[in-house]
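In: Here's my sequence, what's the structure:
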Amino acid sequence: MAGVAVKRGDIVLVKVPFLDDPAKGKVRPVVVVQNDVGNKFGRSTIIVPVTSSIPSKLYPVQLLLPAGKETGLRVKSVVDAGYFFTLRMESIIEWLGRIPAKMMPQLDIILKISLELAPGDIEQVVAP
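Out: Alright, predicted model coming up:
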């Protein structure tokens, strides 16, 4: 997929390195979270993983995504903004889909919570 432009919110397939052994990894979907200018001119992008293992209760840094044509996901899955990775553009294996436009504000919130950029946002997500 080298040379194909990705945009923030795209869901793509990549080989994600294992934390305990970066030389090994697993092919899985991820969400591109880097800004579009960086994606257009850079050699790498910033991503967060997507998993089909859905916890009984989502953490404030997680977002439930629907399966379907728009996302390109076969099953409901969770974006986990508790983990960030930077990878080279040529590591992208395949474009799957996009986060639905109506869910992009929710993606922004979980990213801000993970990076503690807007401490007040956590109250919107975590019920007392």
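
In: How many neighbouring residues does Lys112 have?
Out: 17 (other CB atoms under 10 Å). The way it works is simple: take the backbone N, C-alpha and C, and place the C-beta from them, glycine included.

In: Does it fall in a helix, a strand, or a coil region?
Out: helix (DSSP: H, G, I helix; E, B strand; the rest coil).

In: contacting residues around Lys15?
Out: Applying CB atoms under 8 Å, 6 or more residues apart in numbering, one finds that Lys15 lies in contact with 25-27, 91, 93.

In: now, the most widely separated pair of these?
Out: Lys26 and Ser91 (13.0 Å; CB to CB).

In: Which of these two has more residues huddled nearby?
Out: Set Lys26 next to Ser91 and count neighbours by other CB under 10 Å: Ser91 wins out with 21 against 10.

In: That one: what's it in contact with?
Out: Counting by CB under 8 Å, 6+ apart, the residues that Ser91 touches are 14-15.

In: I'd like the numbering to begin with 26 instead of 1 from here.
Out: Renumbered: residue one is now 26, and that last one reads Ser116.

In: Closest one of the contacts of Lys40 to Gln59?
Out: Out of these, the member with the shortest distance to Gln59 (by CB to CB) is Ser116, at 13.3 Å.

In: distance of the residue nearest to Lys101 when sequence neighbours are not counted from Val86?
Out: Distances taken as CB to CB, 6 or more residues apart in numbering place Ala92 nearest to Lys101, at 5.3 Å, with adjacent residues excluded. Distance, Ala92 to Val86, using CB to CB, to the nearest Å: 21 Å.

In: Would you mind telling me which of those two has the busier surroundings?
Out: Higher neighbour count among Ala92 and Val86: Val86, with 20 against 13, using other CB under 10 Å.

In: my guess is that one meets Ile138, correct?
Out: Yes - using CB atoms under 8 Å, Val86 makes contact with Ile138 at a distance of 5.5 Å.

In: overlap in contacts of those two?
Out: Common contact partners of Val86 and Ile138 (CB under 8 Å, 6+ apart): Ala106.
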